[in-house]
Structures are given as structure tokens and as C-alpha cells.
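Trainee: Using only what follows, build the 3D model:
(one chain, ligands or ions: 1)
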Amino acid sequence: MRTVIITGANAGIGYATARFLAAQSGWHVLLACRNESKAEAAIDAIRQTRRHSQLSFVPLDLFSLASVRRFAAVVSEMAIPPLGGLILNAGGINMTAKSLVFTEDGFEQTFQLNFLGHFLLANLLVGHMIAGTRIIFVSSDLHDPAATKMGKIMTPRFGSMEDLARAIGTAAKLRPMARYATAKLYAIMAAYELDRQLRAAHKAITVNSWSPGVVPTTQAGRDMSPVMKRIITSSWFVSFMGSHLSTEEEAALALGNLLISLRYSEVSGKYFDGFNQIPSSVESRDPAKARQVWEQAQVLAGLAAEDPRSVPLNSAFSHGHNMPR
Ligand SMILES: NC(=O)c1ccc[n+]([C@@H]2O[C@H](COP(=O)([O-])OP(=O)(O)OC[C@H]3O[C@@H](n4cnc5c(N)ncnc54)[C@H](OP(=O)(O)O)[C@@H]3O)[C@@H](O)[C@H]2O)c1
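Mentor: This next block holds a predicted model:
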């Protein structure tokens, strides 16, 4: 029995994936969500049809780096099966906000939710992972300006992460969708860099990233008017925004299989779009830029070497994993 952590598992793709994995034998599914009642409702709903599934909940609010640290500390003390999977799924974009919103850490919300919070979480948990663990960063087709029409308009902007995080300087005037696309680009680059570091340290942990295509039924689309719903499921909209249309169940199958299928046990440092392994954007595959992303994010997340709270990747490994069996 192994534990898989899924962030944002109470709704949308995360919930469908939790449901899919709860039906597989050998997995304890830990829902990492910011809202306890939504998480408990999700667990109850899954248990209705999968009575004997192993499920638990630990609070995680990605808008707070302190919450991310608390989550990692709580999980490392829990008497649960060892950590064998991490699905960094929570994310989205607040299109209705009239102005930029900042987290308690002083970072723009879209950036922290779609990139920095998960970056910190992966760093804090990696030392607790057993051999064979699979880490999956959930990204978006929009990270690649060549892949969608929207991507050509709302192009991700690789550059100073400090500027993006604080919405200043070169990133002061970015549109919400471009902020989201940039955060999703950074998530893929961090996944590549983490894969390179793990391979250099001879760790049997795989790291991949994955995009779902367009899944219009998740939370963002749920409250839309019938007319808007028709628009966002039209082939025109789908080809504008992404690679393909997907149901939540199809997305869960594609994402869940990346975690459990034998086919992917040795696959690492790759990018998947739905069920297909494809090249991610040209920029995302630049190792020097990915290294810069990693180093800038370490500073912003308080993981830089001079920070006493820091758990550098290599020292985390040398302590081995202390996840209770
Ligand atoms: N749907 C698509 O077409 C699409 C396309 C490309 C990429 N994606 C990506 O796929 C992932 C899942 O999206 P989805 O469509 O399933 O979205 P969703 O239905 O809106 O679910 C998002 C999940 O993230 C959680 N979340 C939001 N803010 C959080 C925070 N501060 N801390 C912790 N959890 C938080 C939400 O919790 P609450 O319920 O508490 O808000 C919810 O559980 C996201 O990363 C998204 O960017 C989706």
C-alpha cells in the first residue's frame, strides 16, 4: 500500500482522479484541499460507490506558504502508507477579480497557486518519497504559444520571477491569462529540472508534467450560463484554448494512469497532453532557463541555502524518508 497526495482533490480533475485512484487496489489517496467541508464531502461521495477505499484529508492552502509547510510537516508525521505519488493538480485563474490579488506571502495569487506553492511542496516532500514514486505537475496547453490560438495572444513571459511574483517591473502589465500561462510554463520547467536533479542523485523517482486539454465541466465552467457553456464546449473555443476536448473522467484516466500504469514506471522528464506524450514548448525545454526557474523559485519559497528552514534536495535525501509505514 502506498499513499498518493492529490492537491485540489475536492473538485474537477483532482476529484475525478481521486475517485479513479481510490478504486485501484494498493493506494491510499490523501486529499490536499483548502476547504475541509468540501474535502469531507468529496471523501463521502467517493465512499458511496467505493466503500472500502482508503482516503484521508489534510488541509492545504496554496495561497499560504506557511500552510504548505504545515501540510508537509503533518503528512510526514502521519501513520500512513509510504509516499509513492504526488499529483500537483490544484490550480486555475481568477478571471472575475477586478484587480490583482496578493497572498499573505506578498505574491500574486495566480503565480503562487499554479507554481510556487507546488514547487515548495514538492521540495518539502521529496525527501519522504520511496523508490518508484511518481510526481506529476499539472500544467496547461496554454504554456505553449505555438500550441493554441490563445497562447499566441496571451503568451507566457519567461523572465524575472520576482517581477512576476510581485506583479512589478516587466510583469506589471501582464494580463491574467498570460500570468497563468507563465506560471504553468514554470511548473513544467521545474518538473524537468527536478527530474535532472533526481537522476543525478540516482533516485528512482519519476517527474513528469501533464495537461488535460480543455475540460469545460470543472468548477470554472460549472456556474456559467447555458449560452456560455455552449460556447466553451464548441469546437471553435476548444481549438482556440487547447489541444482537445476532454471529460473529467477521461482526464482522470489519463492522469491516473501516469501514476499507476507499468508503462510509465521508468518514464521521467516528459510532458503529456491528455493520453499522448508530446514535446512541451521550445522554451520550456531549455535546461539553462529551467535551472534559472529553479534557483529563483528557491529564493522566493524560502528554500535558498542561506535560509535556516531550507531542506535542500540532497540533504533531504541523505536523511532518507521518515514517513511512517
Ligand atoms: N479544466 C480545464 O480545462 C483545464 C485546462 C488546462 C489546465 N487545467 C488545470 O487542471 C488543474 C485542475 O483544474 P480543474 O479544471 O479541475 O479546476 P477546478 O474544478 O476549479 O478545481 C481546482 C481545485 O484547486 C483547488 N484550489 C484552488 N485554489 C486553491 C488553494 N489556494 N489552495 C488549495 N487548493 C486550491 C480548488 O479548491 P476549492 O474547491 O476550494 O476552490 C479545487 O479543488 C488546474 O491546475 C488547472 O489549471 C485545467
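
Trainee: right, is stretch 86-97 up against the ligand?
Mentor: Yes: applying Cβ under 6 Å from any ligand atom, one finds stretch 86-97 touching the ligand at Asn89, Ala90, Gly91, Gly92. Glycine gets a C-beta too; all of them are placed from N, C-alpha and C.

Trainee: can you pull the buried residues of the longest helix anywhere in the chain?
Mentor: If you go by DSSP state H, the chain has its longest helix at helix 176-200. For helix 176-200, the neighbour count (16 or more other Cβ atoms under 10 Å) marks 176-198 as buried.

Trainee: Next, count neighbours for Arg47.
Mentor: Number of residues near Arg47 (other Cβ atoms under 10 Å) recorded here: 13.

Trainee: if we can go back for a sec, is the longest helix of the chain positioned near the ligand?
Mentor: No: using Cβ under 6 Å from any ligand atom, helix 176-200 never reaches the ligand; the gap is at least 6.8 Å.

Trainee: next helix or strand past that helix?
Mentor: strand 206-211 (DSSP states H and E).

Trainee: Show me what from the chain comes close to the ligand.
Mentor: 7-8, 10-14, 33-35, 38, 60-63, 89-92, 113, 138, 140, 211-212, 214-215, 218-220.

Trainee: so who does Glu249 touch?
Mentor: For Glu249, the contact set (Cβ atoms under 8 Å, 6 or more residues apart in numbering) comprises Ala16, Phe20.

Trainee: Mind doing that once more with 10 Å?
Mentor: Ile13, Ala16, Thr17, Arg19, Phe20, Val215, Thr217, Gly256 (Cβ atoms under 10 Å, 6 or more residues apart in numbering).

Trainee: Quickly find the element holding the fifth one.
Mentor: In this structure, Phe20 is located in helix 12-22 according to DSSP H and E.

Trainee: And for the last one?
Mentor: Assigning secondary structure by DSSP H and E places Gly256 in helix 248-260.

Trainee: Buried ones in that helix, by neighbour count?
Mentor: Glu248, Glu249, Glu250, Ala251, Ala252, Leu253, Ala254, Leu255, Gly256, Leu258, Leu259, Ile260.

Trainee: which residues does the spatially most central residue of the chain bridge with?
Mentor: Centroid check for the chain by Cα atoms, centre = their mean gives Leu88 as the closest residue, at 2.7 Å. Taking DSSP bridges as the rule, Leu88 bridges to Phe137.

Trainee: Looking at it now. What's its pLDDT?
Mentor: With respect to pLDDT, Leu88 scores 99.

Trainee: now Met323
Mentor: At Met323, pLDDT is 36.

Trainee: So Asn94 versus Phe63, what's the distance?
Mentor: Taking Cβ to Cβ, to the nearest Å as the measure, Asn94 falls 11 Å from Phe63.

Trainee: Now do the shared contacts for the two.
Mentor: Val101, Gln109, Leu113.

Trainee: Return the distance of the last one relative to Ala39.
Mentor: So that's Leu113. Taking Cβ to Cβ, one finds Leu113 at 17 Å from Ala39.
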